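A.B. asks: Here's my sequence, what's the structure:
(chains A, B and C)
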Amino acid sequence: MLNPAVSSFGEILLYLIGGIVFVAGALLTAWIIRPSRPNVEKLATYESGEEPVGSAWGQFNVRFYIVALVFILFDVELVFLFPWATVFGKKALIDATDGMWGWFAFVEMTIFVAILGLGLAWAWAKGLLDWVKPEPVVKQQGSPVPPGLYEQINRTVAAAARAEQRKQKE
Amino acid sequence: METQAPTIAPLKASLQAILQDLPLLYPELTLGLGVLLVLLGALLIPRSWRNEGLAVLSLLVIAASAYMLLYKGLPAEPVHLLARTLQLDKMAVAFRLLVLLSGLLAVLLSFREGKKLAGEYYALLLGLLMAAMLMSMASNLLLIYLSIETASICAYLLTAFSGGREGAEAGLKYLLFGAVASAIMLYGMSLLYGFTGTLDITAYGFKSGLMSLNIPILPVLLAAFLVLAGFLFKISVVPFHLWTPDAYQGAPLPAAALFSTAPKLAGLALMMRFLSHFLEAGIIFAGLRFDWQFILGLLAIITMLVGNLAAVWQQDARRLLAYSSIAHSGLLLAAVLVFRALGYKALLFYGFVYILMNFAAFLLVSMLKAETGSYKIADYRGLGSRLSYSSVLMVVVMIALTGLPPTAGFTAKLLVFSALWEGYSSGGSSMLLYLLLTGLATTVVALFYYLKIPYYLYLKKQPEAVVQVEGSTVLERILAGALALLLVLFFFRADWVMNWIEAFTISQ
Amino acid sequence: MIPLSHYLILATLLFCIGLAVTITRKNAIAVLIGLELMLNAANINLVAFSRYDGVQLQGQMFALFVIVVAAAEAAVALALVVRVYGYYKIADLDKLNRLKG
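C.D. replies: Next up is the predicted model:
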């Protein structure tokens, strides 16, 4: 299958070259195809993320943590899939055990993934995956002025301002 | 989970062996399935009867597990399970039964607290039980680590479950102490693996590796102590006890009662198993005999002293029970150190009675909290005549915890002391005598703080009328009465318990 | 080939640094970082020793489980830190002293 002239370090080198070619190719294609309309927002390092500037001890919204925690758990559990995948389908092992090996490996991993799936479904049903927008909290200061009054004043002031603008335009 | 056997031929045999082992693990598998069922139930059962539904479901799961254990899971002779990762002998069966008993009581206690908690509470409880049962069987370093960690993570979450500042703070402190202890244990395990080339502590290679003259004694001892530190943390022995008062105060009360029994007993079983393999190796240890009894006995003495003396100053009933549980850990550890059949029997008897009296004490504190709205002992003053039922039971249970007749607490302490004495007089180390003397002396100290609650209840005058807050439920009253009754009954009928224990005696 | 002793020395150093961090630092997050160092020190040991366990590679298997357990523990720890922060507005362990007696 592999050319025996390639040493095991040579294989790694091939992987490296392949990886570089793949990434460079993708970036190059994107660069050729995409229209160029830069603006400040687009030139930021992470277009829709946090600015990577400032102290690492800065505060983030707590919702990032929750999503990160859920992600980490499912991400790391998958580490068990890699050793499993290398032996799951080995024909020699399956033949030697009259097919028992395949069923064993299959059932074990099905149970494992099913439990993980239940965990994900549970997190979903509990609403941990929703990115809830915070609702502005209206503070009740206990002042004698009813809260409706402020809005009324705001409305009248805004209406007056609009009327003023219209007059100026005319 | 062995993925690759050395040769192909035995692979089929080992797969078949795993299938044959499964029925012996039905108790644990039932609990594991129970965790999933409770999680599903927490999503599907309507809110109006969710707490009751989940509690009943958990009770059913625990009952099913106990049934499997008693009628399916009893091997004729000690067996190794799942590619020699678990060792199932009579000791393991006895400790698994004790764990299930404490789980049953914990769920029964949870009916009140459960209302305030989310459904995952019961799932974590069952997970903790499953891990504790695996702990009492584990004979492979990997399984030991995994079961301890599973139990610990469930315990951290349960601690934080009560909500509010106390819960979060206690959970974080418990977690940080616990995680450091388990990291230290893990490092010790990695060294032991390096010295012996195997993770199986029952394997011949483990013993021969430790006995080999190539490895100096100091690193081996260091590694063993690092591993023991992890076990001692679970048993809450000084100096690994710092988490105990905070966790008990912050955790929901039934969870705290469970921490003081199930993981502790499982940890003791683990320690007995580990030490028994280590002692055989240790005797020849490069020509040196290392005295485990001395070092661990010293820790047990310090634990008894610290637990009992610190308990005297406590104002909060939960912290008092926490220090009391530390003090009891010292005595339980002493029973382990006898290293004889008698010590083992005394340990089982003590463990059984300890579960009964500890859950009774936590239940009564929870009832007093419901009746007075406070955990402060000073707030119970003068209530003895008004809350006569719980006060009388409190007196009985506190006498049992002190270890005075006519309660089973006395019988249990007596058994441990006589095991220590027999161990000493039949040529054992003089450390056993010191353990015995410390146990006697600290019993006197224990009298002061255990009787503090009855003293406040009956002898102090009530300053003003206290408003009845919730009142205890009928279930709680019946359960507390039954537990107190059993404590008195087993004093007069200790042979009933002893007969049961005889059935689980291993030859040492 | 790198001899075994180098791995062991590296692991010992990592473990000691991790232990020192957990003991001396007061910030809960820093303590968690120290914990990770300790766990990974054990992992290095396990994987290094596993080289000499020709047949079964038990050490590597153990290391995989440790990684997963460490992630679970870190997730629980961070969730608790977030909650504690929500109540106290600090992550300084010395100032968490509501539970006393």
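A.B. asks: When you work out contacts or count neighbours from here on, use the C-alpha atoms and nothing else.
C.D. replies: OK.
A.B. asks: Name the SS class of A:S55, please.
C.D. replies: coil (DSSP: H, G, I helix; E, B strand; the rest coil).
A.B. asks: Relative to A:G148, how far out is it?
C.D. replies: Separation of A:S55 from A:G148 (Cα to Cα, to the nearest Å): 43 Å.
A.B. asks: ok, now B:V227?
C.D. replies: For B:V227, the distance to A:G148 - Cα to Cα - is 67 Å.
A.B. asks: Comparing those two, which residue is more hemmed in?
C.D. replies: B:V227 (27 against 9; other Cα atoms under 10 Å in any protein chain shown).
A.B. asks: Contacts only, for that one.
C.D. replies: By Cα atoms under 8 Å, 6 or more residues apart in numbering or on different chains, the contact list for B:V227 reads B:I184, B:M185, B:L186, B:Y187, B:G188, B:M189.
A.B. asks: I'd like to know which of these are part of helices.
C.D. replies: B:I184, B:M185, B:L186, B:Y187, B:G188, B:M189 (DSSP state H).
A.B. asks: Near the third one, how many residues? Count them for me, please.
C.D. replies: For B:L186, the number of neighbouring residues by other Cα under 10 Å comes to 28.
A.B. asks: Is it correct that it is in contact with C:N40?
C.D. replies: No: using Cα atoms under 8 Å as the test, B:L186 is too far from C:N40 to be in contact (10.0 Å).
A.B. asks: Show me what the helix or strand where C:A71 lies is packed up against.
C.D. replies: Per DSSP states H and E, C:A71 falls inside helix C:58-88. Packing partners of helix C:58-88 (3 or more Cα pairs under 8 Å, 6 or more residues apart in numbering or on different chains; DSSP states H and E): helix A:62-77, helix B:141-160, helix B:164-196, helix C:28-50.
A.B. asks: So for A:I33, which of those helices sits nearest?
C.D. replies: helix A:62-77 (32.8 Å; Cα to Cα).
A.B. asks: at contact distance from chain B, anything in the closest one?
C.D. replies: No: Helix A:62-77 lies out of reach of chain B by Cα under 8 Å from any Cα of the partner chain, never closer than 13.7 Å.
A.B. asks: just stretch A:106-114 next, same as before
C.D. replies: No: under the criterion of Cα under 8 Å from any Cα, chain B is not reached by stretch A:106-114; the shortest gap measures 9.8 Å.
A.B. asks: B:F274: how many residues sit nearby?
C.D. replies: 22.
A.B. asks: If you could redo that for A:L16, that was the one I meant.
C.D. replies: A:L16 has 12 nearby residues by other Cα under 10 Å.
A.B. asks: Distance of it relative to chain C?
C.D. replies: Distance, A:L16 to chain C, using Cα to the nearest Cα, to the nearest Å: 23 Å.
A.B. asks: ok, now B:L393?
C.D. replies: Where chain C is concerned, B:L393 sits at a distance of 26 Å (Cα to the nearest Cα).
A.B. asks: which element is that residue on?
C.D. replies: helix B:388-402.
A.B. asks: Name the residues that touch stretch B:301-319?
C.D. replies: With contact meaning Cα under 8 Å, 6+ apart, stretch B:301-319 is reached by B:237-239, B:245-246, B:248-249, B:320-321, B:323-331, B:362, B:365, B:375-378, B:434-435, B:438-439, B:442, B:445-446, B:448-449, C:101.
A.B. asks: Could you tell me which residues within that stretch count as buried?
C.D. replies: For stretch B:301-319, burial by neighbour count (16 or more other Cα atoms under 10 Å in any protein chain shown) applies to B:301-312, B:314-319.
A.B. asks: so what's B:E28 closest to, chain neighbours aside?
C.D. replies: B:M130 (5.5 Å; Cα to Cα, 6 or more residues apart in numbering or on different chains).
A.B. asks: Next, count neighbours for the one you found.
C.D. replies: 28.
A.B. asks: mind listing what it touches?
C.D. replies: B:E28, B:L31, B:G32.
A.B. asks: Just the angle for whichever helix or strand comes after the helix holding B:L393 relative to helix B:388-402, thanks.
C.D. replies: Downstream of helix B:388-402, the next assigned helix or strand under DSSP H and E is helix B:408-425. In terms of direction (axes from the mean of the first three to the mean of the last three Cα atoms, to 10 degrees), helix B:408-425 departs from helix B:388-402 by 0 degrees.
A.B. asks: Run through who's touching helix B:408-425.
C.D. replies: Here helix B:408-425 has contacts from B:331, B:334-335, B:338, B:340, B:342-343, B:346-347, B:349-350, B:353-354, B:357, B:399-405, B:429-430, B:432-433, B:435-436, B:439, B:487-492, B:494, using Cα under 8 Å, 6+ apart.
A.B. asks: All set now, cheers.
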